[in-house]
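Asker: predicted structure and sequence below. I'll ask about it afterward.
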Amino acid sequence: MPVSVEPTSVEAGRTEPTEELRPHAEEAFAHELAALAAQDDRPRPARWKLSPWAVAMYLLGGTLPDGTVITPKYVGPRRIVEVAVTTLATDRALLLLGVPGTAKTWVSEHLAAAVSGDSTLLVQGTAGTPEEAIRYGWNYAQLLAHGPSRDALVPSPVMRAMAEGMTARVEELTRIPADVQDTLITILSEKTLPIPELGQEVQAVRGFNLIATANDRDRGVNDLSSALRRRFNTVVLPLPESVEAEVDIVSRRVDQIGRSLELPAAPDGIDEIRRVVTVFRELRDGVTSDGRTKLKSPSGTLSTAEAISVVTNGLALAAHFGDGVLRPGDIAAGILGAVVRDPAADRVIWQEYLEAVVRERDGWTDFYRACREVSA
Amino acid sequence: MIGGGVGQLGIEGDGVTGVEKSGSEGRGAGPLLLGVRHHGPGSARAVRGALDAARPRVVLIEGPPEADALIALAADEAMRPPVALLAHAVDEPGRSAFWPLAEFSPEWVAIRWALEHGVPARFIDLPATHTLAWGKDAGRVSADERGGGPGGERAGVGGGAPVGEGVGEPGDQRTGEPGGKRAGSCGGELSRQRGEEPGGERDGASGGERVGEPGGGQARQSGGERVGEPGGERAGAGGGEPSLQRGEERGGERGGAAGGEWDGEPGGERAEGSGAPDEGTGSGADVRVDPLAVLADAAGYDDPERWWEDVVEHRGVGDGDAFAPFFGLEEAMGALREAYGSGGHERDLVREAYMRLQVRAAQREFGDDVAVVCGAWHVPALRQKSTVAADKALLKGLPKVKADMTWVPWTYRRLARVSGYGAGIDSPGWYGHLFGAPDRPVERWMTKVAGLLRDEDRIVSSAHVIEAVRLAETLAAMRGRPLPGLSETTDAVRAVMCDGSDVPLALVHDRLVVGDVLGEVPRSAPAVPLQRDLDRIQRRLRLKPEALERELELDLRKENDAERSRLLHRLRLLGVEWGEPVASRGSTGTFRETWRLRWEPELSVRVAEAGVWGTTVFAAATAKAQADAVAAQGLADVTALAERCLLAELPDALPVVMRILADRAALDTDVGHLAQAMPALVRSLRYGDVRGTDTGALAEVAAGLAERIFVGLPPACAALDTDAAEEMRRHVDAVHGAVGLLGDAVGSGEGAPGSEASGSGWDVGGPGSGSGRDAEVSVSGSGRDTEDLVSASGRDTDDSASVSGRDGARSAPGNPPRALGHGDLRKRWHRVLRVLSLRDTVPGVIRGRGVRLLLDDGELVQDEAARLMGLALSPGTPPADAAAWIEGFVGGGSGGGMLLVHDERLLGLVDAWLTGVSADAFTDVLPLLRRTFSAYESGVRRTLGELVRRGPGQRGSAGVGGPGIPGFAAELDAERAGAVVPVVRLLLGLERLGSDIESGLDDNGRAGRDNDLVKTTG
């Protein structure tokens, strides 16, 4: 289970204050990386800062022979990290898939930091990402003044990574328009980036690889062409495995957001948080937490991130319109909004859930009533 | 590779006394002992190599010596592994044990080698005669359970058969498990089908293994680790639910494996796991060493399976000395046995004594040219010097049963842990591949996977295969393994070929890793025990199989007939269509069944085929029903199956069926399906009541189903065309009837025992009238149930009776309050009906129906109904819609005619509306109206016609505004009611029930009076 929902949430391990709001992974965990590099005697692929084994250790945490404690960056199935690291060690690119809030970006940043010591070669994918962001652009002043030359060329992060044998990152790959996505095909299969204007090309040197992240649940994404998909090894990051882990993530994150919004801290919030997480998990998994009853799953993703927003919302309600204590009524409306995305089908699912599960559950009477009120 | 793991132990092993260390030439010092892991392809390969090198004159194999005669069959053309040796007690086919053999089993390899080289092969394990008798303790336990034991988690035991007795093997460890195993088998089925419920698979595992392990050697030990787990599992499985806790379970099982009491390592889990079987039977030491786990631990592996894979299975062929692997292993095992003795496997000592005697006998005959293939665990014991006398002493006084052996076909699925009688291996398909692939196993495997995925229309290119192989190899290197194992290849397949998704991976697991292979057995193999069991039952019930067709009338109140009925029902479940139920000609009582019997020769083949399901008719039918439930497509199929389970009296199958039913119901989005399923379910519920089966689970499922229907019905009724609306109206009717019955059932289930007693009389009546089959009994139901039944089934053509019955129930002042669950469910149903009847988007026919049902239940006062009718028939409503409303309200055989006859106001409304319909519209609505009114009985039609001709308001109606329908007195006429009591009493056989009569009398009295009234009015 990912310990972090957003990259920011697991920097608890770091105490030294920095001027930056959020330092890069390779800076925040520089001492761990250094300790690992010092004691890592296993073979390293070309231009890797650490051996694959040490990269996995860096992500999963552990204690080095000299006693340096490596904090876990990702708490989840070991298999996932192993496959991810191994993929980077081959010449295949790595695609991290998952619903929003499963620490894809976080893992990708740390992988890049551990492998190449630099997590900044980043292309943020949006619907408006142009080809130049992946290939190269031009410095037009230079171009007009001196004509096309390498000096007038503005390399993209991917191009730089190729030239220097580093790890490039592409965030939200599926948000990038399909034709722009496909520029990656040549880069990933031929490992070369032609510059026809100059009659040149940039060839990737050993050590180059690419980590992409993508949502597999969002609507309106540009699905990868099968040609591109074939260049990637895919690793799906799962949602948190246990209620406890998820409650932990949610409460920590809610706490942070609450502080930044200057909401008063809610004393008994944890029970309601547990409730929200339970509801989300049960609906998401299509089975009650005791494993006894099957449920239909609504169309929404019901990710951890949404649970966080429901609770934050409830806190705001409680603080501004209630008595400051997070009560079932404060979260009921938020849950309804998160669950019922499709008014027809989801509403039936939600009501079935209310009647079949919530109504029968001990100690959930208030919640049931509150939900009935808002769903009516 | 062995060096790494074994070396350290080997050092201690040197000092072990009694372990006769052989030189590297391996011969000349006594018999050639080949310690293997059962079902290990590496072992199998090594055995073949060693036999080729040593060329012994006789091959001794760990297995029941009764099967010696069957060895020749292994060479038969028609014999294809996987097959299993099946031993069963002759007079009790349910007591049985299996020794499954796959082509990659070392034992099978040894048998085939011997046959090919014309060398005798013999089984040397303790005879099944004794091992089956050992199982007796366990068998008794299960038998006890069957006889109305605590049910619950052990309910599974029932069959007792293939389960309790398992392999004649380690009786002690098995004792605890039956429940788990049984439940396991069902859970296992589940998970196999879905590939998403690994918990279930574990369940299967636990059971499986033991049975599978003929030899107890190493594999059993690796199974031994599981000794602990069935308990934990069973808790989950017992509830009949495939739990979803893979991670934990794995942990538990491994933990149990390594830890145990030895050093208490991961002891916590172990404690849980092993505790349960213990409390189950209280017999036997359940803590056993898992030698593999100990060795793996010494080698620094956390997973014994993986260790074994690395050091043994993944070794190439023919690298160096053919005997070397065996010596390494023997040393390691020697050290272990030195440290742990029998390791809690006390019965092993007896078995090993027997084996030693057999080996000695063979040595006398063939000198030292003897090869022994047995579990590695036993090797040190066979090496051990001990006197013949001491061995014989150990064997004295062993219990005996008469045992019989045969070959039965087996499947990879059954070998795997995912199903009932597995052999304790996760991945028979993978092992088969490892054994069969001449070289480059990973490449070949990936190609196979790609082929499978392509067949399923996934785009998988050769480039994918290349990348998958590379990833698997790199992963293996990173994890420090010599060769990619199953976990590496699986990870690689997932990342490269399946886009990270587990869905196609589940397919790969199911079809390749486990595999679909089905074994075959030559026809000349002795008969399966199922046939024997059937013969026995046929003799006992005096029901001879005859080719001539004949009809058989059964009176289920007689024990013998009831058993015959159950047998026929069970056989039908097994696909042995010996009897076919036909409609009874004479009586229609529920206690009567008519069957058409005809024994076709091919039915014997069917019986043989059904042999894979179990060794007794009961156990086989149970297993089959469970499998059918898992495979069933529609919701209605599952409900029908539930009904059949009740008829065939398979209580053990019911939890699984119920589980599936609940799951299907939860996931089915079509309210129509749910509504279809409900009546059958409620019927079985009532039927179960009659038979005294525990239907608690059934009631729960039914209530859940009702709940879902309540929620889903209103949205589902919007925007329907005429046909769909008509269908939905039928669903509404069906649900209404079912809710009425269900209320009773649930109510009586939950109510206090005291209040239930009086209810039981009615309950008996319930199912009969519910199914409309039982004339005798339905009379008794009328006082209470007819209201629902009639309106629900629409089958009762006697309008007057239904009206009055309904009325009677409603107007009864002293109607005893019904139990809570009932009222609750009903109330909510009424709410749904109210929503339906008030919502404009709902088609007229359903709205009218809703109003009518509410009116019938007394939930709507007459005035309100009239108002709603007025609304529906007001000029603003399109005539077609209004006509549909009328059809819904008074249409069909639901007694609507009588309603109009008795309530002048309603009739007046219809009349006024009809005369107001314009001429054009009238032709449109005419067909609908005709359909509505032509369904009435002629008497009703005539009365209606007369009333209309006379004009509204002419006939004075009494008692308007009273509690009843206008036309009836408010009070009960006790005198007239009392007149029918003797007859009712006779019909119900209430004489015996003493105090119950009073309450019954009251109710029935009412019914009687109403009928009287009807006669006068009609």
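Answerer: Alright, I've got the coordinates. Numbers count the residues shown, from 1 in each chain, chains lettered A, B, ... in the order given.
Asker: all helices for the stretch 201-350 of chain A, in order.
Answerer: According to DSSP state H, counting those that start in this stretch, the stretch 201-350 of chain A carries its helices in the segments A:226-229, A:243-260, A:269-285, A:304-321, A:328-339, A:345-353.
Asker: tabulate those (a markdown table), appending mean neighbour count.
Answerer: Just so you know, the C-beta spots here come from the backbone N, C-alpha and C atoms, and that holds for glycine as well. Compiled in a markdown table, the helices of the stretch 201-350 of chain A are given as follows (neighbours: other C-beta atoms under 10 Å in any protein chain shown):
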| stretch | mean neighbour count |
| --- | --- |
| helix A:226-229 | 14 |
| helix A:243-260 | 18 |
| helix A:269-285 | 21 |
| helix A:304-321 | 22 |
| helix A:328-339 | 22 |
| helix A:345-353 | 20 |
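Asker: residue B:414: which of these is closest?
Answerer: helix A:269-285 (29.9 Å; C-beta to C-beta).
Asker: one step back: reformat the helices of the stretch 201-350 of chain A as TSV; add mean pLDDT and distance to chain B.
Answerer: Below are the helices of the stretch 201-350 of chain A laid out as TSV (pLDDT from 0 to 100; distance: least, C-beta to the nearest C-beta, whole Å):
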stretch	mean pLDDT	distance to chain B
helix A:226-229	86	6
helix A:243-260	73	12
helix A:269-285	84	8
helix A:304-321	82	19
helix A:328-339	84	14
helix A:345-353	85	5
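Asker: now distance to residue B:888 too, for those, in TSV please.
Answerer: Shown next, in TSV, are these (distance: least, C-beta to C-beta, whole Å):
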stretch	distance to residue B:888
helix A:226-229	54
helix A:243-260	48
helix A:269-285	36
helix A:304-321	43
helix A:328-339	34
helix A:345-353	24
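Asker: near the residue in the stretch 251-376 of chain A positioned nearest to chain B, how many other residues are there?
Answerer: Going by C-beta to the nearest C-beta, chain B is nearest to residue A:294 of the stretch 251-376 of chain A, at 3.8 Å. For residue A:294, the count of nearby residues is 19 (other C-beta atoms under 10 Å in any protein chain shown).
Asker: same deal with residue A:117?
Answerer: 18.
Asker: does it touch residue A:26 like I think?
Answerer: Yes. In this structure, residue A:117 is within contact of residue A:26 by C-beta atoms under 8 Å, at 5.6 Å.
Asker: quick one: the longest helix seen in chain B near chain A?
Answerer: In chain B, taking DSSP state H as the definition, the longest helix is helix B:722-750. No. Judged by C-beta under 8 Å from any C-beta of the partner chain, helix B:722-750 stays clear of chain A, getting no closer than 13.7 Å.
Asker: let me know the average pLDDT across that helix.
Answerer: Averaging pLDDT along helix B:722-750 yields 74.
Asker: hmm, residue B:108 is touching residue B:41, no?
Answerer: No. Using C-beta under 8 Å, residue B:108 makes no contact with residue B:41, being 11.0 Å away.
Asker: return the helix or strand in chain A with minimum mean pLDDT.
Answerer: Scoring the helices and strands of chain A by mean pLDDT, DSSP states H and E places helix A:243-260 at the bottom, with a mean of 73.
Asker: quick check: residue B:553 is in a strand.
Answerer: Yes. Applying DSSP: H, G, I helix; E, B strand; the rest coil, one finds residue B:553 inside a strand.
Asker: just give the closest residue to it, not the sequence neighbours.
Answerer: residue B:594 (5.6 Å; C-beta to C-beta, 6 or more residues apart in numbering or on different chains).
Asker: residue B:879 too?
Answerer: residue B:921 (3.9 Å).
Asker: please point out which parts of the helix or strand hosting the one you found sit buried.
Answerer: If you go by DSSP states H and E, residue B:921 is part of helix B:919-934. Using 16 or more other C-beta atoms under 10 Å in any protein chain shown as the test for burial, helix B:919-934 gives B:925, B:928, B:929, B:932, B:933.
Asker: wouldn't the fourth one be in contact with residue B:887 here?
Answerer: Yes. Here residue B:932 reaches residue B:887: they are 4.5 Å apart, a contact under C-beta under 8 Å.
Asker: so who does the residue of the stretch 251-376 of chain A closest to chain B touch?
Answerer: A:286, A:287, B:662, B:663, B:666, B:667 (C-beta atoms under 8 Å, 6 or more residues apart in numbering or on different chains).
Asker: swap the cut-off to 6 Å and go again
Answerer: Shown in contact with residue A:294 (C-beta atoms under 6 Å, 6 or more residues apart in numbering or on different chains): A:287, B:663, B:666.
Asker: after the longest strand belonging to chain B comes which helix or strand?
Answerer: Longest strand of chain B, by residue count under DSSP state E: strand B:92-101. As assigned by DSSP H and E, the chain's next helix or strand after strand B:92-101 is helix B:106-116.
Asker: tell me what that following helix is packed against?
Answerer: helix B:41-54, strand B:58-61, strand B:370-375 (3 or more C-beta pairs under 6 Å, 6 or more residues apart in numbering or on different chains; DSSP states H and E).
Asker: contact partners of the second one?
Answerer: What it means is strand B:58-61. B:107, B:110, B:114, B:119-124, B:362, B:366, B:370-373.
Asker: need the pLDDT of residue 162.
Answerer: All of this refers to chain A. In this model, residue A:162 carries a pLDDT of 94.
Asker: my question was about chain B
Answerer: With respect to pLDDT, residue B:162 scores 32.
Asker: how many neighbours does residue B:718 have?
Answerer: Residue B:718 has 12 nearby residues by other C-beta under 10 Å.
Asker: and if you look at residue B:938?
Answerer: Residue B:938, neighbours per other C-beta under 10 Å, totals 7.
Asker: dihedrals phi and psi, it?
Answerer: phi -60, psi -40 (degrees, to the nearest 10).
Asker: what separates it from chain A, distance-wise?
Answerer: Counting by C-beta to the nearest C-beta, to the nearest Å, the gap from residue B:938 to chain A is 45 Å.
Asker: same thing with residue B:298?
Answerer: In terms of C-beta to the nearest C-beta, residue B:298 sits 22 Å off from chain A.
Asker: likewise for residue B:931?
Answerer: 32 Å.
Asker: next one: residue B:711
Answerer: 5 Å.
Asker: please list the residues of the stretch 1-150 of chain A that sit near chain B.
Answerer: A:52, A:79, A:83, A:86, A:89, A:90, A:92, A:97 (C-beta under 6 Å from any C-beta of the partner chain).
Asker: my guess is the fourth one contacts residue B:477, does it?
Answerer: No. In this structure, residue A:86 is not within contact of residue B:477 by C-beta atoms under 6 Å, at 8.4 Å.
Asker: re earlier: going by neighbour count, which of the residues of the stretch 1-150 of chain A next to chain B comes out on top?
Answerer: residue A:86 (29 neighbours).
Asker: give me the element that one is part of.
Answerer: helix A:78-89.
Asker: show me which positions of the helix or strand encompassing residue B:563 end up buried.
Answerer: Taking DSSP H and E as the definition, residue B:563 sits inside helix B:559-573. Of the residues in helix B:559-573, B:561-573 count as buried by neighbour count, 16+ other C-beta under 10 Å.
Asker: and the next element down the chain from that helix?
Answerer: strand B:579-582.
Asker: who does that next one pair up with?
Answerer: Using DSSP bridges, the strands paired with strand B:579-582 are strand B:592-597 (antiparallel).
Asker: which other residues reach the helix holding residue A:86?
Answerer: Helix A:78-89 has contacts (C-beta under 6 Å, 6+ apart) with A:45, A:52, A:55-56, A:59-60, A:94, A:115, A:209, A:233, A:235, B:474-475, B:478, B:491, B:495.
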